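In: Here is my input; please provide its structure:
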Amino acid sequence: MSDYCEGGIKHFRHHMPLQMRFNDIDMLGHLNNSVYLTFMDLAKTRYFQAALGDKLRWGEIGVVIVNINCDFCKPTFFDDVIEVETAVVAIGEKSLTLEQRVYSPTDDSVRCRCRTIMSGFNPRTMKSEPITAEWREALETYEGKKF
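Out: Below is the predicted model:
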């Protein structure tokens, strides 16, 4: 297993416990790779709700996903206890980068790690635009650091 799966960032403030369903398991008896992305998608939503509070207006979402890269580090089975940890690790002028991992506190293992780049976006014009100062400030406050 790579150092990336074993190590990585340790500053996740946001944790979301997960409950697997029977249909999340594939023919090999482990969590299907596509389900990891579904779990991380839900965790992104919860992260932004926690970090942005009332600054998150569902009809005016200010970001869209432009790239996702995942490493599957260790299989997850139905009875495993897992959670998704999420953090913004970088904010540029028009994009932000999220680091997420599916993690098991039971055996202190990373099951999957994902890096997502999201672009600032205006849903009315359908064009990219800068990450708003309001979002930047809220995310910096939530993460406790300047980007």
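In: alpha carbons only for contacts and neighbour counts from here, please
Out: Fine.
In: which stretches of the protein form strands?
Out: Ranges of strands within the chain are 14-17, 63-72, 83-91, 95-104, 109-122, 127-128, based on DSSP state E.
In: what does the fourth one contact?
Out: By that I understand strand 95-104. Strand 95-104 is contacted by residues 36, 40, 80-91, 109-120, 130-131 when judged by CA atoms under 8 Å, 6 or more residues apart in numbering.
In: Among those, name the buried ones.
Out: Neighbour-count burial (16 or more other CA atoms under 10 Å) is assigned, among the contacts of strand 95-104, to 36, 40, 80-89, 91, 109-120, 131.
In: What mean pLDDT does stretch 116-129 get?
Out: Mean pLDDT, stretch 116-129: 93.
In: now do stretch 45-62
Out: The pLDDT scores in stretch 45-62 average 86.
In: Now find how far off-centre stretch 140-147 is within its chain.
Out: 16 Å (CA atoms, centre = their mean, to the nearest Å).
In: same question, stretch 12-24
Out: The answer for stretch 12-24 is 12 Å, by CA atoms, centre = their mean.
In: now stretch 61-78
Out: Counting by CA atoms, centre = their mean, stretch 61-78 comes out at 7 Å from the chain centroid.
In: Equivalent analysis for stretch 101-120, please.
Out: 7 Å.
In: Can you pull out the low-pLDDT segments for the chain?
Out: Across the chain, the ranges flagged by pLDDT under 70 are 1-4, 6-10.
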